[in-house]
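Asker: Whatever this is, show me its structure:
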Amino acid sequence: MDAFYASAEQAAKPSLRGKAVVVGGLGPRGVVATASYEARRLGVHSAMPTAQARRLAPNAAYLVPRFSLYRTVSTQVMELLGRLSPLVEPLSLDEAFVDLEAGGTADDSASARATGEGLRVAIRAVTGLSGSVGLAGSKMLAKIASEQAKPDGLVLIEPGTERELLAPMSVRILPGVGPATGDHLRRAGMTTVHDLAEAGEAELVRLVGKAHGHGLFRMALGLDDRPVVAERDAKSVSVEDTFDVDLHDRVRVRAEVERLAVRCVERLRAADRSGRTVVLKVRRYDFSTLTRSETLRGPTDDPTVVREAAARLLESVDTTGGVRLLGVGVTGLADYTQEDLFAQGRRRPGARTAGPGTPRAGRGGRRGGSRAGARGGQRRATCRAALARRTRRAPRGARARLGAGQRDRPGHRPVRGTVERARPGPHLPDRRPAIAARRSAAARPREPRLFLLARQPAEVPVLGRRGLRGR
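Answerer: Below you'll find the predicted structure:
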């Protein structure tokens, strides 16, 4: 979508049509989220400080984002994309990849172009907004084509012309090449995609590492085999705030961190998820950013646990000089919480967890059709047995049955939740006679003993547990 937030505001408010509109934070440290094309002609662009945008476009309309409106429009656009193919991979509210081959709506370049033009017409008819379409044989090239098509256009990259198209472009056009990597490549004499292709894979691996160098060389040749994924699981949940004035009071900083932790847990619960790793982000007065993380013993969505973990992380951060931004996030997401490991019948309302032995619906909607669901149920049953054994819920002398080659050692988990009676053998000596002897000795009656406690002068002896002693 073209200037999505600003265009949605112009469509919702006819008085803003044809005028410069800037959507973003309005405070002294606010940042521009989207600027209409009328504002872009004045030099305003995304990620620019709002204070600088006001100097460039003092007469523009500055608005706070209304995400409820944007989500409504985004849902309408995603429904139109879903009619073209079952494989739609959303990247954000206003951007998505669509596999036209999977939907059978495009067999060649002519049919693909016709489908793209029909999509643009449908988006304008439903939402009143304009959208740009990029058509190519890979996700990377489709993204580049859509950027070239802005605003309100369509660009088709014919197969076989990828290298010729990419050669004169800047290295920053490739996914994964940010400012730091771009500067590093520039110092090595590589400023265009053609330079990357000519340098070779070995040189790129030497400069940026094996994994990144290999992928960078393939993208420089126009090769990208990443599939379109219809459903992508969120990897983290986080919230952050930028303050108008730097925070210098340590107590105030701690209070803000705890407040952000509670907000993060609210978002976590709204998604019916739990997390295991708590991450704290602190940006100081000099724009230096510090990140700290702590991994918990198990997934949780308890606000107290996350708040305390974030407070502990703050203790290791130097906030001298002031803090301009704070953020709290949770990673290592799971569909169940630590509390689910203690009782089978107790479930948090809305949670996705399934008890042991209960078939779980797979992604396709079939009961028991997901291997991940089966493994998740087995893990939960296993953890319940292990926790029950640790908390002495199992009978004395009982142990969890382990898989072949496994023992009760740190780092190994039982693979079954059943419990059997431990039998004496070479690996487990018979301690029953010794235990019986100790119990019989403890059951014998003891002779009564007399203890006198009194306050006496230091020279008067006192009869105590160990005889006479001076006091």
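
Asker: show me the contacts for residue 248.
Answerer: 321-323 (C-beta atoms under 8 Å, 6 or more residues apart in numbering). In this view, the C-beta of every residue, glycine as well, is placed from N, C-alpha and C.

Asker: Residue 147: what secondary structure?
Answerer: helix (DSSP: H, G, I helix; E, B strand; the rest coil).

Asker: Quick check: which ranges of the stretch 201-350 of the chain have low pLDDT?
Answerer: When residues are selected by pLDDT under 70, those of the stretch 201-350 of the chain lie in 336-350.

Asker: Could you find the closest non-adjacent residue to the spatially most central residue of the chain?
Answerer: By C-alpha atoms, centre = their mean, the mean C-alpha position of the chain lies nearest to residue 236, the distance being 1.2 Å. Among residues not flanking residue 236 along the chain, residue 331 sits closest, at 4.3 Å (C-beta to C-beta, 6 or more residues apart in numbering).

Asker: re earlier: let me know the closest of the contacts of residue 248 to residue 245.
Answerer: When the contacts of residue 248 are ranked by distance to residue 245 (C-beta to C-beta), residue 322 comes first, at 8.5 Å.

Asker: neighbours of that closest one, just the number please.
Answerer: Residues lying near residue 322 (other C-beta atoms under 10 Å) number 15.

Asker: Is the residue nearest to it when sequence neighbours are not counted in a helix, a strand, or coil?
Answerer: Nearest residue to residue 322 in three dimensions, chain neighbours excluded: residue 246, at 3.1 Å (C-beta to C-beta, 6+ apart). Using three-state DSSP, the structure places residue 246 in strand.

Asker: Hmm, residue 246 is touching residue 324, no?
Answerer: Yes. Applying C-beta atoms under 8 Å, one finds residue 246 in contact with residue 324, separated by 5.3 Å.

Asker: between those two, which one's more packed in?
Answerer: Neighbour count, other C-beta under 10 Å: between residue 246 and residue 324, residue 324 has more, with 19 against 14.

Asker: can you confirm that one is in a helix?
Answerer: No. Read with three-state DSSP, residue 324 is strand and lies in no helix.

Asker: Report the contact partners of it.
Answerer: By C-beta under 8 Å, 6+ apart, the neighbours of residue 324 are 29, 242-243, 246-247, 283-285, 287.

Asker: one more time with 6 Å
Answerer: 243, 246, 283 (C-beta atoms under 6 Å, 6 or more residues apart in numbering).

Asker: how far away is the second one from residue 119?
Answerer: Relative to residue 119, residue 246 is positioned 47 Å away (criterion: C-beta to C-beta, to the nearest Å).

Asker: and what of residue 236?
Answerer: Taken as C-beta to C-beta, the span from residue 236 to residue 119 is 32 Å.

Asker: Also residue 103?
Answerer: 12 Å.

Asker: Neighbour count for those two, which is higher?
Answerer: residue 119 (21 against 17).

Asker: Chain neighbours aside, what residue packs nearest to the more buried one?
Answerer: residue 133 (6.1 Å).

Asker: residues near that neighbour, how many?
Answerer: Residues lying near residue 133 (other C-beta under 10 Å) number 23.

Asker: Is it correct that it is in contact with residue 155?
Answerer: No. The pair residue 133 / residue 155 is not scored as a contact, 7.7 Å apart, by C-beta atoms under 6 Å.

Asker: how about a markdown table for the contacts of residue 248, with distance to residue 199 added?
Answerer: Below are the contacts of residue 248 laid out as a markdown table (distance: C-beta to C-beta, whole Å):
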| residue | distance to residue 199 |
| --- | --- |
| 321 | 42 |
| 322 | 43 |
| 323 | 42 |
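
Asker: Go through the residues you listed and name the one nearest residue 13.
Answerer: residue 323 (36.6 Å).

Asker: what's the neighbour count on that closest one?
Answerer: Residue 323, neighbours per other C-beta under 10 Å, totals 24.

Asker: For it, list each beta-bridge partner.
Answerer: Taking DSSP bridges as the rule, residue 323 bridges to residue 247, residue 284.

Asker: I'd guessed it sits against residue 247; true?
Answerer: Yes. Counting by C-beta under 6 Å, residue 247 is a contact partner of residue 323 at 4.6 Å.

Asker: Which residues are in contact with each of the two?
Answerer: residue 253.

Asker: so where's the stretch 351-471 of the chain uncertain?
Answerer: Using pLDDT under 70, the flagged stretches of the stretch 351-471 of the chain are 351-432, 435, 438-471.

Asker: who's in contact with residue 173?
Answerer: By C-beta under 6 Å, 6+ apart, residue 173 has no neighbours at all.

Asker: Kindly recompute the last result at 8 Å.
Answerer: 144, 166, 193.

Asker: give the contact list for the second one.
Answerer: This means residue 166. Taking C-beta under 8 Å, 6+ apart as the test, what residue 166 contacts is 144, 173, 193-194, 220, 222.

Asker: quick one: which two of these are the most distant?
Answerer: Across the contacts of residue 166 (C-beta to C-beta), the longest gap, 14.8 Å, separates 144 and 194.

Asker: So for the two, which residue has more residues nearby?
Answerer: Neighbour tally, residue 144 and residue 194, criterion other C-beta under 10 Å: the higher count belongs to residue 144, 23 against 17.

Asker: Hmm, that one is touching residue 134, no?
Answerer: Yes. Assessed by C-beta under 8 Å, residue 144 is found in contact with residue 134 at 6.9 Å.

Asker: ok, now which ones touch residue 114?
Answerer: For residue 114, counting by C-beta under 8 Å, 6+ apart, there are no contacting residues.

Asker: That one and residue 170: what is the separation?
Answerer: On the measure of C-beta to C-beta, residue 114 and residue 170 end up 32 Å apart.

Asker: Tell me how many other residues surround the residue nearest to residue 147 when sequence neighbours are not counted.
Answerer: Excluding its sequence neighbours, the residue lying closest to residue 147 (C-beta to C-beta, 6+ apart) is residue 134, at 7.3 Å. By other C-beta under 10 Å, 22 other residues sit near residue 134.

Asker: For residue 134, which residues are in contact?
Answerer: 141-149, 154-155, 157.

Asker: Is it possible to mark the buried ones in these?
Answerer: Among these, those scoring as buried are 141-146, 148-149, 154-155, 157 (criterion: 16 or more other C-beta atoms under 10 Å).

Asker: As CSV, these with distance to residue 199 would be great.
Answerer: Shown next, in CSV, are these (distance: C-beta to C-beta, whole Å):
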residue, distance to residue 199
141, 21
142, 26
143, 23
144, 20
145, 25
146, 28
148, 25
149, 30
154, 33
155, 28
157, 23
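
Asker: Which one of the residues you listed is nearest to residue 8?
Answerer: Distances from residue 8 to those, taken by C-beta to C-beta, are shortest for residue 146, at 18.3 Å.

Asker: residue contacts, the closest one?
Answerer: For residue 146, the contact set (C-beta under 8 Å, 6+ apart) comprises 95, 132-134, 155.

Asker: Please apply the same query to residue 165.
Answerer: Residue 165 touches 141, 144, 157, 222, counting by C-beta under 8 Å, 6+ apart.
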